[in-house]
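Trainee: Sequence first, predicted model second:
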Amino acid sequence: MRANRFAQCFSFTVMSTVKAISFLFYRFEIKWLSKKKFEALDDVKLIVLLNHTSLFEALFVRLAPFRFLWKIARHLLIPIADITASRPVVGKFFNALVPGFVPISRKRDESWDNFLKSVNDDAIVAILPEGRMRRHDGNDKHGNPMTVRTGVADIIEELDDGKVLFIYSGGMHHVQIPGQTLPKLFKKIKVNMEMVDINDYKDILHHPEKKTRKAQIVKDIQKRLEDFTPFCKRQPYNKNDE
């Protein structure tokens with residue numbers, strides 16, 4: 001899926017505005033875990049954001065250079081829950097931010113199959129693989145632990161080359177907790193980043209059986225979520241940690 005020129009320009013303008021706002025009101029603490037950094041962005045085919053805590057994670061466009069924003073304004077695909085897409089304000093904002101966002105249900109149904117069919121050589125896919133937001137107590141809204149789901153493994157199976165950009169969020173509950181209307185300003189946002197070659201990644205986790213291979217991918221990304229997410233003491237679910 002490619003956005004037309006008008007949609008690309010509009011999306012780039014919205015993302016650039018969000019980027020400028022983030023510079024004005026927030027301070028980012030960024031740590032790279034890989035040797036490859038921003039210079040390898042042109043090869044990125046998949047962006048994986050771990051530790052989903054807030055819809056204000058749109059502020060992470062701050063991390064992208066303008067040239068990459070221009071590229072993703074045309075080629076980015078994001079699966080987004082249909083319940084979020086249908087919200088009058090949030091849905092319209094994300095549609096303006098990324099013309100390539102695709103509403104899906106929370107079930108393994110036709111909507112997910114249709115999304116996978118849109119993943120091609122031109123696409124840059126972004127996904128929040130936990131599939132739901134962490135609440136104030138550290139669990140999802142049903143009280144279940146936050147875990148990586150299999151959708152990200154489906155996407156990796158579709159990719160033949162390029163790189164995965166892992167973004168490990170320290171959490172944004174000190175900016176906005178789900179349910180709060182307005183964000184708090186002048187906060188520090190912690191993030192770790194890592195660039196991984198897709199073919200190298202798939203070779204390490206290689207297994208002849210697809211089901212087992214996908215399970216290995218999910219297990220690996222779950223471990224990355226637990227090991228590489230930066231600690232942020234301002235998150236309410238970390239209140240008892242040192």
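Mentor: Looks like it arrived, so ask away.
Trainee: I would like the C-alpha coordinates for the longest strand anywhere in the chain, written out in PDB, please.
Mentor: Counting residues, the longest strand in the chain under DSSP state E turns out to be strand 187-197. The C-alpha trace of strand 187-197 is given here as PDB (Å, rounded to 0.1, in the frame of the first residue of the first chain):
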ATOM      1  CA  LYS A 187       8.800  14.900  31.200                       C
ATOM      2  CA  LYS A 188      11.800  12.700  30.300                       C
ATOM      3  CA  ILE A 189      11.100   9.700  28.000                       C
ATOM      4  CA  LYS A 190      13.500   6.800  28.200                       C
ATOM      5  CA  VAL A 191      14.000   4.500  25.200                       C
ATOM      6  CA  ASN A 192      16.500   1.900  24.000                       C
ATOM      7  CA  MET A 193      16.900   1.100  20.300                       C
ATOM      8  CA  GLU A 194      18.400  -1.800  18.400                       C
ATOM      9  CA  MET A 195      18.800  -2.500  14.700                       C
ATOM     10  CA  VAL A 196      18.800  -6.200  13.700                       C
ATOM     11  CA  ASP A 197      19.300  -7.800  10.300                       C
END
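Trainee: following that strand, which helix or strand comes up?
Mentor: helix 198-204 (DSSP states H and E).
Trainee: Pull out the buried positions in that next one.
Mentor: Of the residues in helix 198-204, 198, 201, 202 count as buried by neighbour count, 16 or more other Cβ atoms under 10 Å. For every residue, glycine as well, the C-beta is placed using N, CA and C.
Trainee: any idea how far residue 24 is from the first one?
Mentor: Right, the one you point to is residue 198. The gap separating residue 198 from residue 24 is 35 Å, by Cβ to Cβ, to the nearest Å.
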